[in-house]
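Engineer: any chance you could fold what I've pasted below:
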Amino acid sequence: MNFKNFLNKENIFVSDYYEDTDSFYADFALFLKEKGIIKDKKKVKRLFIKRENIQSTAIGKGAAAPHIFSDEFSKFILSIALIKNGVDFKAPDGGKVFLIFLIMSDEKDVGMHLKTLAHIARFVKTTDIVNCVKETKHAEEIFKTILKKEKLIQ
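Structural biologist: Model (predicted):
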């Protein structure tokens, strides 16, 4: 699994602040709809919130990796969100989440979800990616920084 094969800079969402994960997921679903990736933003928002309510998708060190399955996705999608002031994901380490790796596909891609989750966990654990992207201003910078840092773990 390599980010460069699945991530594109057009799918990077940047915002300053969210009160909670529900408001983040509402705006993120709207972002996906505006990009033409999904049709039903309410359905996608509900799926992310439902997943988050089962158990926090925060993985520590300021990152989270929510993942959902839906027929809204015709292919495997990896997106990234940066929330500059962080959002409370009820992380096990108690910290705010700044960098969110969002994994989305239909039911056919369960194996790819698992590989991607493992890659993200390793990436976050072994790099300083969250601190590096916190001060970035644009999706292009985030994209380049992630690909540069990913080379360090390969």
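
Engineer: ok, Asn131 to Phe69 distance?
Structural biologist: For Asn131, the distance to Phe69 (C-beta to C-beta, to the nearest Å) stands at 31 Å. For glycine as for every other residue, the C-beta is placed from the backbone atoms N, C-alpha and C.

Engineer: of those two, which one has the most company?
Structural biologist: Phe69 (17 against 12; other C-beta atoms under 10 Å).

Engineer: okay, and the residue nearest to the spatial centre of the chain sits in which element?
Structural biologist: Central residue of the chain (C-alpha atoms, centre = their mean): Phe101, 2.0 Å from the mean position. Take DSSP states H and E as the rule and Phe101 turns out to sit in strand 97-105.

Engineer: for the spatially closest residue to His119 that is not a sequence neighbour, give me its contacts.
Structural biologist: Excluding its sequence neighbours, the residue lying closest to His119 (C-beta to C-beta, 6 or more residues apart in numbering) is Met1, at 4.3 Å. With contact taken as C-beta atoms under 8 Å, 6 or more residues apart in numbering, Met1 is in contact with 112, 115-116, 118-119.

Engineer: try Tyr17
Structural biologist: Neighbours of Tyr17 in contact, by C-beta under 8 Å, 6+ apart: 83-85, 87.
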